[in-house]
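1. I'll drop the sequence and a predicted model, then ask my questions.
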Amino acid sequence: MRNFKSIYAKELAACFKSPMAYIFLVTFVLLNGYFFTSTFFLINQSDMRSLFGVIPMVYLFFCPAVTMGLIARENNMGTTEMIATLPIRDHEFVIGKYLAAVTLIGAGLAFTFVHFFTLLAVGTNIDVGANLCGYLGLLLVGAFYASIGTFASSLTDNQVVAFIIGAVGVLVFYLMDKLLIFVPTSISAIVQYMAVDHHLSNISRGVIDSRNLIYFGTMIWLFLTLSIRTVEMRKWR
């Protein structure tokens with residue numbers, strides 16, 4: 001547990017000691033703020049659906065950008081071999097770094113609460129519970145995408161390559177339910193279940209179904225397990 005906390009704290013501190021974390025956060029907030037405010041007063045509708053529709057699209061590059069250097073940077077600098085000689089387990093190394101990335105994504109999401117408070121101030125008949133569930137869904141999506149990015153980062157020592165692999169992986173799950181018309185009927189139900197937006201839309205309506213939580217938990221576990229196995233293989237290579 002001590003190793004896990006040390007890796008998490010070290011990675012989080014490294015993020016905020018460099019300008020990259022602030023660049024990511026400012027870009028994230030500005031993009032979401034622009035798309036939300038540009039339509040908020042036009043549609044004259046007191047809800048967060050426009051923001052909840054924009055953030056998953058911003059995640060397509062934000063999450064891979066946040067995670068691209070988690071393990072790839074260590075591989076490139078050769079510190080992975082040094083870490084292998086320390087009493088640090090592979091799962092502590094991977095999960096500690098992963099949770100630091102999720103914290104950064106959560107921080108970016110927290111800044112968008114200003115839009116929620118704006119909605120409470122100017123809107124009427126606001127469904128607070130549904131909006132808070134929507135934020136929970138967005139956090140789960142961010143955590144899922146971060147696990148994909150962590151796996152991509154473990155595959156290479158080049159951060160740009162890790163970003164591209166992570167972005168492609170995230171894009172695949174994002175587009176699944178949008179391409180259902182091209183999928184054979186026999187497997188359309190499976191493809192729909194694997195689509196992120198299918199589960200996010202359920203949670204955003206204020207319905208927290210165990211099937212949605214199981215989906216996110218299982219997918220995060222899968223990609224983190226793949227990341228841990230990849231680190232193990234690189235260590236013994």
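-> Alright, I've got the coordinates.
2. can you tell me, leaving aside adjacent residues, what's nearest to the most centrally placed residue in the chain?
-> Centroid-nearest residue in the chain, with C-alpha atoms, centre = their mean: residue 142, separated by 2.3 Å. For residue 142, ignoring the flanking residues on the chain, the nearest one in space by C-beta to C-beta, 6 or more residues apart in numbering is residue 105 at 4.1 Å. (C-beta placed from N, C-alpha, C; glycine too.)
3. any stretches of this protein with poor pLDDT?
-> Within the chain, the segments meeting pLDDT under 70 span 1-2, 38-47, 78-87, 122-126, 235-237.
4. in it, what residue spans correspond to helices?
-> Counting by DSSP state H, the chain has these helices, from start to end: 2-17, 19-43, 49-67, 72-77, 79-84, 90-111, 113-122, 128-154, 159-175, 185-194, 196-204, 210-236.
5. please identify the deepest-packed of these.
-> helix 128-154 (a mean of 23; mean count of other C-beta atoms under 10 Å).
6. off-centre distance for it?
-> 4 Å (C-alpha atoms, centre = their mean, to the nearest Å).
7. contact partners for the closest residue to residue 171 other than its chain neighbours?
-> In space, and not counting its chain neighbours, residue 171 is closest to residue 60: 6.0 Å by C-beta to C-beta, 6+ apart. Residues near residue 60 by C-beta atoms under 8 Å, 6 or more residues apart in numbering: 167, 170, 171, 174.
8. so the residue nearest to the centre of the chain sits against residue 106, correct?
-> Yes: with contact defined as C-beta atoms under 8 Å, residue 142 reaches residue 106; the gap is 7.1 Å.
9. thinking again about what came up before, can I get the contacts of residue 60 in JSON lines including distance to residue 149?
-> Putting those into JSON lines (distance: C-beta to C-beta, whole Å) gives the following:
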{"residue": "167", "distance to residue 149": "8"}
{"residue": "170", "distance to residue 149": "7"}
{"residue": "171", "distance to residue 149": "12"}
{"residue": "174", "distance to residue 149": "13"}
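10. out of those residues, which comes closest to residue 64?
-> residue 167 (4.4 Å; C-beta to C-beta).
11. residues touching that closest one, list them.
-> By C-beta under 8 Å, 6+ apart, the neighbours of residue 167 are 60, 61, 64.
12. over to residue 33?
-> Residue 33 touches 112, 114, 115, counting by C-beta under 8 Å, 6+ apart.
13. what about it, distance to residue 193?
-> According to C-beta to C-beta, to the nearest Å, residue 33 and residue 193 sit 33 Å apart.
14. cool, and residue 99?
-> 26 Å.
15. if we can go back for a sec, residue 132: which of the contacts of residue 60 is nearest?
-> residue 174 (23.1 Å).
16. ok, now which ones touch the closest one?
-> 56, 57, 60, 195, 196, 197.
17. not counting sequence-adjacent ones, nearest residue to residue 205?
-> Closest to residue 205 by C-beta to C-beta, 6+ apart is residue 130, at 6.3 Å.
18. that neighbour reaches residue 203, doesn't it?
-> No: between residue 130 and residue 203 there is no contact under C-beta under 8 Å: 9.3 Å.
19. okay, and the common contacts of the two?
-> Residues touching both residue 130 and residue 203 (C-beta under 8 Å, 6+ apart): none.
20. circling back: what sits against the residue nearest to the centre of the chain?
-> 59, 63, 102, 105, 106, 109.
21. ok, now which ones touch the second one?
-> By C-beta under 8 Å, 6+ apart, the residues touching residue 63 are 101, 105, 142, 145, 146, 148, 149, 166, 170.
22. closest one to residue 28 out of the residues you listed, please.
-> residue 105 (8.6 Å).
23. any idea how far residue 160 is from the closest one?
-> Distance from residue 105 to residue 160, by C-beta to C-beta: 20 Å.
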